[in-house]
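Asks: let's see this in three dimensions:
(one chain, ligands or ions: 1)
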Amino acid sequence: MSINIEVLPRANETLNMLRNQPSVQAPGILSGRIILLELKNRYLEQTNLLPARYVNPQVGRISETGQLGSVYDKVVQRIGQETDYFQEYHEAGAFDDIFGRQLQDRKIGGVKIKENVRKLPGNGQFNNSVMFPRIKLDFEIPDSSQVKAGILSSVALTGLPPLNVGTIFHELVHRLQIPGKGAGVLDYVSYYFIGRGYWDIPLVEAQAYRTGYCNTRFSSPEEFIASLTGAKSEYSQAYDKSLYQVKQDEITVAVKSIDSLRALGYSPRDIGRVLMRYRMFNRKTGTYPAIQRLIDQAAEEANLDEAGVNKLVHVDLMERNLQRLQARLITQEELLQAVA
Ligand SMILES: [Zn+2]
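Replies: Prediction:
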């Protein structure tokens, strides 16, 4: 059998294969997929159609020649057709606002964005946040052309959307963790009376960082701790004291739990809903027990044991990475053709 190295796997492709096989087959399927996906990742990583030093000048040139809109539209259309890059933006209801309207409606996923919020007195670190019912930013959203140019150059260089888009998406993910339209009574009760305090921060931040920045920002527990305690980026002083007590092992468990849920097919909205209700960390067992139960249940449906889930998490990260690498190449290709 020959394998086509250029065929991109669909989102959750491995998970869907596992769901249709008996559990004895799972280790073999996972090992085979890991080899294949590592090969594809290495291949795409080494492929470059446009050297990095040409990317920004090319984006500048298409802006000057009035081609920015048409190139951008083509890139977004192709990425949507040829990859699953936009999947989580669609699931969170954010695709049209970010990539369709470039945030010019000052809304994302039905949530209003308030820009340039006054910093809290005595704490210069208060930046972006989600305060019911709005998302607050400490920066202004650039105009539509600037957002388009920013997306094109960032995706062409790294496969990632620009940092400001990541930050806004990060805050929308937090909004999904708070009861809103469509939430049940239980969600409100749980959210307001259970688990409000520092012990839920690693978990909610793990989801917002992993989803908002495509797993790439603060990806190690050390970086994560630094972001939560050192930068104090999102919380007012009242939280600071307790943030310093956040333990590395707890953050590791939080990131692992979120990654497991995503690998097992939970969408941003699904996870947000879970976090409205179950956020308590059990210090004795070192787990989030209610979340662990959900992971175990989903793992059983995919015929996986614990070691299998760990492998699936690795596979899932590689599958997501491939979507980004492919989006990067598509963007490079369109930039190249536009200025030819
Ligand atoms: Zn956050």
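
Asks: contacts and neighbour counts: CA atoms only from here.
Replies: Will do.

Asks: tell me how far the longest helix seen in the chain lies from the chain's centre.
Replies: Using DSSP state H, we find that the single longest helix of the chain is helix 306-338. Relative to its parent chain, helix 306-338 has a centroid offset of 13 Å by CA atoms, centre = their mean, to the nearest Å.

Asks: that one: which residues count as buried?
Replies: Neighbour counts over helix 306-338 (16 or more other CA atoms under 10 Å) mark 308-336, 338 as buried.

Asks: give me the helices and strands touching it, please.
Replies: In terms of contacts (3 or more CA pairs under 8 Å, 6 or more residues apart in numbering; DSSP states H and E), helix 306-338 is packed against helix 13-19, helix 26-45, helix 52-64, helix 68-82, helix 144-158, helix 248-263.

Asks: which stretch among these comes nearest residue 115?
Replies: When those are ranked by proximity to residue 115, the top entry is helix 144-158, at 15.3 Å, counting by CA to CA.

Asks: so what does whatever helix or strand comes next after that closest one touch, helix or strand wise?
Replies: Helices and strands here follow DSSP states H and E; after helix 144-158, the next one along the chain is helix 163-176. Applying 3+ CA pairs under 8 Å, 6+ apart, one finds that helix 163-176 makes contact with strand 129-131, strand 134-136, helix 201-212, helix 268-277.

Asks: least reliable of these by average pLDDT, please.
Replies: Of all these, the segment with the smallest mean pLDDT is strand 129-131, scoring a mean of 68.

Asks: quick one: residue 32 from residue 4, how far?
Replies: In this structure, residue 32 and residue 4 are 14 Å apart, going by CA to CA, to the nearest Å.

Asks: what do you get for residue 288?
Replies: 41 Å.

Asks: those two - which one has more neighbours?
Replies: Counting neighbours by other CA atoms under 10 Å for residue 288 and for residue 4 shows that residue 288 has the greater number, 20 against 9.

Asks: which residues of the stretch 51-200 of the chain score low on pLDDT?
Replies: When residues are selected by pLDDT under 70, those of the stretch 51-200 of the chain lie in 117-128, 130-132, 194-200.

Asks: any idea which residue sits dead centre in this protein?
Replies: residue 211 (1.8 Å; CA atoms, centre = their mean).

Asks: so that residue sits against residue 171, correct?
Replies: No. Because the distance of 10.3 Å does not satisfy CA atoms under 8 Å, residue 211 is recorded as not touching residue 171.

Asks: what about residue 30, neighbour count?
Replies: When neighbours are defined as other CA under 10 Å, residue 30 has 22 of them.

Asks: so it sits against residue 311, correct?
Replies: Yes. In terms of CA under 8 Å, residue 30 counts as a neighbour of residue 311; the distance is 6.9 Å.

Asks: quick one: the helices and strands packed on helix 306-338 as JSON lines, columns for distance to residue 135 too.
Replies: What follows is the helices and strands packed on helix 306-338, written out as JSON lines (distance: least, CA to CA, whole Å):
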{"stretch": "helix 13-19", "distance to residue 135": "33"}
{"stretch": "helix 26-45", "distance to residue 135": "35"}
{"stretch": "helix 52-64", "distance to residue 135": "30"}
{"stretch": "helix 68-82", "distance to residue 135": "25"}
{"stretch": "helix 144-158", "distance to residue 135": "18"}
{"stretch": "helix 248-263", "distance to residue 135": "22"}
